[in-house]
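[1] Based on what follows, work out the 3D shape:
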Amino acid sequence: MPTIAVDKADLWERLGQEYTDEEFDKLCFEYGLEIDEDTTEEVEEAIKKGLPAERPQLKIEVPANRYDLLCIEGITRVLNIYLGKQPAPQYRLIYPSGGESNLITMKIHPETARIRPLFAAAVLRNIKFTPRSYASFIDLQDKLHQNIGRRRQLVSIGTHDLDTLVPPFRYEARPPKDIRFVPLNKEKAYTAEELMTVYESEKHLARYLPIIRDSPVYPIIYDMEDHVLSMPPIINSEHSKITLNTRNVFIDVTATDQTKLDIVLNVVATMFSEYCEEPFTIEPVKIILPDGKVRITPDISERQTVAHASYINSCTKLDLSAEEASALLQKMGHRTSVSPTDPDEIFVNIPATRPDILHECDLMEDAAVAYGFNNLPDVFPATSTVAQPLAIGKLSDILRREWALAGWVEVLPLILCSHEENFEWLNREDDNNTAIKIANPKSLEFQVVRTTLLAGLLKSIRENRSHALPIRIFETSDVAFKDVTRERQARNERHAGAVWCNKTAGFEVVHGLLDRAMKMLDIPRISSNDNTAETGYYIKESSDPMFFPGRAATIIYRPGSGRQGNFSPFKLAMQDTANVGNDTPIGVLGILHPTVLEQFEIGFPCSALEFTLEPFRKQMHKVWTNDE
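    From the prediction side, this is the model:
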């Protein structure tokens, strides 16, 4: 969840009283917030040592879908309403003298459809910033960029000193060589092409450059005198930057998603409209779309819906009247009234700051929060069920126990790994159709979702080389593969894998581990040329670059009357092995190739085993019965 840092003294002042740690922690818990950290002790300790220190802060975790709580203004506003210290504000659009015809206009050019087509804007008039409110204004924009804006890819915000600009404005898309302006906190003008190079070395802005860098046109906003306001989503202009002396603020929002565009503009405008000379008022902007249609933004009208006291009572096990439920919803910032014709209906006006309210169940949750979750009655469920593990989970647990009893140690590596570990280090090639790749990995260690357990097992041995030999470890867990036949384009497979590391290779040891697993599953071992056996397993020599030549085998399973499985990681190992009927390759075992061991920095020979558990789901009932 997002964590918001607020000035502690400022928070107490806005709430109208000081709270002890226990009191404020309880208040936050009741509303659904959580205190993550209080820096008071750290600040006091720094002051005692004569070190510079900031004012004490509270770091508060807020729900990810409550964008109105991403600043101190929003947090104090909802808590004061919840505590009954102030009514819910009425946000209003204020038109200039002359009405809609005198609104500031923003003309959208058709070329913007090639890069960032959606635009909205608003004006805050006669605003009064303090150093702390100004810092909160900037911080809210950053929080929205990272959260709902997905690091500016979906939404980006620009704020400008309106008094330095001359309306009307226009939003265009031009080739980067044709764009030139002085960017924020710079002293000289650059072309957009030059800015791509300048900001490569600036950590804060470099992450946003790929959003538009490869586009033939860049978005740009001009005023009537061709002053640049900003080049979204990268940087604003130095000409129109906001300062503590700014009185009129022009807010522009560009986006690729209409819903998120409206949410972001509403949040920024409503949160800081309290600093206007006439609080909670916003001046709209006329947006002229490429097709000539006109749109007035922002739309801060309340959404009207209906809640039912009976539904709230059925979910919370309370016995509230419609009037009582209506009062609870008012504590959460909604304007409500009881229907004059139906005593069960509550008319609810949802404010523009609450885009998280999507369904009547969300209103029910708000009523429960206002009532107090700790105050809800304890009621035994009307229905009872007996839980039962999934068959594949039960199978995995049985196999883990058997291998552990055999003296092997279970390890739990991460499911993400680097591309090299999953392919090159195992002497395997990437066909680009198997592995699920992370589009924007945090580091080189987490590039793909593993398609084999062996990479993680070998990394575990590498990190435990100082342990006494032999090292024998195993894992039963999921791997993942691309699968275009599925709606989610991917599938999980449950695998079991083991690695033996000693002064000798120990092929017979992992072979024995495989035999133990199959015996536990009551699957007989058969000969590869035994065409009369209905079911069973056998191993057959194969060629796999991951293993030492002549020391590798494929595990083949004959499922009887069942269908042949699709176990992609083991298909290559069967290219030189003839199938009998519906015989299916389910795994591999062998002595690992010296180059594999060298890549993982392991100085002793190792033998490895890996096979899929998916074909044995049908055996689960029998195994379960024997186990119980």
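
[2] Quickly note the distance from the residue of the chain most remote from its centre to residue 522.
    In the chain, counting by CA atoms, centre = their mean, residue 532 sits farthest out from the average C-alpha position, at 53.4 Å. Distance, residue 532 to residue 522, by CB to CB, to the nearest Å: 19 Å. The C-beta positions use only the backbone N, C-alpha and C, and glycine is treated the same way.

[3] Just the buried positions in stretch 21-40, please.
    Within stretch 21-40, the residues scored as buried using 16 or more other CB atoms under 10 Å are 24, 25, 27, 28, 30, 31, 33, 38, 39.

[4] got it, and stretch 170-181?
    170, 171, 172, 173, 174, 176, 179, 181.

[5] How about the first one: which residues does it bridge to?
    In other words, residue 170. Beta bridges link residue 170 to residue 107, residue 222, judged by DSSP bridges.

[6] Assess the claim that residue 156 and residue 148 are in contact.
    No - Residue 156 lies out of contact with residue 148 (CB atoms under 8 Å); the separation is 11.1 Å.

[7] neighbour count winner among those two?
    Neighbour comparison, residue 156 and residue 148: the larger count goes to residue 156, with 25 against 22 (by other CB atoms under 10 Å).

[8] low pLDDT regions in the stretch 151-300 of the chain?
    Along the stretch 151-300 of the chain, no part satisfies pLDDT under 70.

[9] And the strands in it, which stretches?
    With DSSP state E, counting those that start in this stretch as the definition, the stretch 151-300 of the chain shows strands at residue ranges 155-161, 169-174, 180-181, 190-191, 218-222, 228-231, 235-236, 249-255, 281-288, 294-297.

[10] The stretch 1-150 of the chain now?
    For the stretch 1-150 of the chain, the strands defined by DSSP E, counting those that start in this stretch occupy 3-7, 34-38, 57-61, 92-93, 105-108, 118-124.

[11] what packs against the third one?
    When contacts are defined as 3 or more CB pairs under 8 Å, 6 or more residues apart in numbering; DSSP states H and E, strand 57-61 sits against strand 3-7, helix 8-15, strand 34-38.

[12] Can I get the ones you listed in CSV including mean pLDDT and distance to residue 231?
    Listed next are these as CSV, based on pLDDT from 0 to 100; distance: least, CB to CB, whole Å:
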stretch, mean pLDDT, distance to residue 231
strand 3-7, 91, 29
helix 8-15, 94, 34
strand 34-38, 90, 35
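
[13] what about the ones you listed, which gets the closest to residue 432?
    Residue 432 sits nearest to strand 3-7 of all the helices and strands packed on strand 57-61, at 38.4 Å, using CB to CB.

[14] ok, the closest one: who's next to it in the sheet?
    Counting by DSSP bridges, strand 3-7 is paired with strand 57-61 (antiparallel).

[15] Rounded mean pLDDT for the strand it pairs with, please.
    If you average the pLDDT over strand 57-61, you get 93.

[16] Could you pull out the buried residues of that strand?
    Quick answer for strand 57-61 (16+ other CB under 10 Å): 57, 58, 60, 61.

[17] one step back: between all of the buried residues of stretch 21-40, which two are at the greatest distance?
    30 and 39 (23.1 Å).

[18] ok, the closest residue to residue 333 other than its chain neighbours - contacts?
    Nearest residue to residue 333 in three dimensions, chain neighbours excluded: residue 88, at 4.6 Å (CB to CB, 6 or more residues apart in numbering). The contact partners of residue 88, taken as CB atoms under 8 Å, 6 or more residues apart in numbering, are 81, 330, 333, 334, 335, 351.

[19] right, and residue 323 touches residue 338 too?
    Yes - Residue 323 lies in contact with residue 338 (CB under 8 Å); the separation is 5.8 Å.

[20] more crowded one of these two?
    Under the criterion of other CB under 10 Å, the comparison of residue 323 against residue 338 puts residue 338 first, with 16 against 13.

[21] what number of residues lie near the closest residue to residue 308 other than its chain neighbours?
    Excluding the flanking residues, the one nearest residue 308 by CB to CB, 6+ apart is residue 344, at 5.3 Å. Residues lying near residue 344 (other CB under 10 Å) number 17.

[22] and residue 344, what does it touch?
    Counted by CB under 8 Å, 6+ apart, residue 344 has contacts 308, 309, 310, 322.

[23] Could you do residue 411 as well?
    Neighbour list for residue 411: 456, 457, 460, 473, 474, 475 [criterion: CB under 8 Å, 6+ apart].

[24] How much space separates it from residue 457?
    7 Å.

[25] Give the residues shared as contacts by those two.
    473, 474, 475.

[26] Kindly provide the distance from residue 370 to residue 149.
    30 Å.

[27] right, I mislabeled it, should have said residue 84
    Distance of residue 84 to residue 149, computed by CB to CB: 34 Å.

[28] Which one of the two is surrounded by more residues?
    Taking other CB under 10 Å, residue 84 and residue 149 do not tie; residue 149 has more neighbours (23 against 9).

[29] give me the number of residues near the nearest residue to the more buried one once chain neighbours are set aside?
    Closest residue to residue 149 apart from its sequence neighbours, by CB to CB, 6+ apart: residue 155 at 3.9 Å. By other CB under 10 Å, 28 other residues sit near residue 155.

[30] do the same with residue 85
    12.

[31] Can you check the pLDDT for it?
    93.

[32] Would you agree it is in contact with residue 76?
    No - in this structure, residue 85 is not within contact of residue 76 by CB under 8 Å, at 9.7 Å.

[33] Tell me where the model's unsure across this structure.
    Within the chain, the ranges that satisfy pLDDT under 70 run 561-581, 618-628.

[34] Break it down into its structural domains.
    3-83, 92-297, 303-373, 391-616 (the TED database).

[35] Turn those into a markdown table, including distance to residue 384.
    Formatted as a markdown table, those follow (distance: least, CB to CB, whole Å):
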| stretch | distance to residue 384 |
| --- | --- |
| domain 3-83 | 29 |
| domain 92-297 | 40 |
| domain 303-373 | 17 |
| domain 391-616 | 22 |
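
[36] out of the contacts of residue 344, which is most surrounded?
    Counting neighbours by other CB under 10 Å, residue 309 leads the contacts of residue 344 with 23 neighbours.

[37] So residue 285 is in contact with residue 106, correct?
    Yes - with contacts counted by CB under 8 Å, residue 285 reaches residue 106, the gap being 5.9 Å.

[38] Now the common contact residues for these two.
    Between them, residue 285 and residue 106 share these contacting residues under CB under 8 Å, 6+ apart: residue 121.

[39] quick one: terminal-to-terminal distance for stretch 176-196?
    Taking CA to CA, to the nearest Å, stretch 176-196 runs 10 Å from one end to the other.

[40] ok, and what's touching that stretch?
    Contacts for stretch 176-196 (CB under 8 Å, 6+ apart): 198, 209, 213, 217-218, 220, 228, 231, 234-239, 241.

[41] ok, now with 6 Å
    Around stretch 176-196, the neighbours that count as contacts under CB atoms under 6 Å, 6 or more residues apart in numbering are 209, 213, 218, 220, 228, 235, 236, 237, 238, 241.

[42] Tell me the bridge partners for the residue nearest to the fifth one when sequence neighbours are not counted.
    It stands for residue 228. The shortest distance from residue 228 to any non-neighbouring residue, by CB to CB, 6+ apart, is to residue 181 (3.7 Å). On the basis of DSSP bridges, residue 181 is bridged to residue 190.
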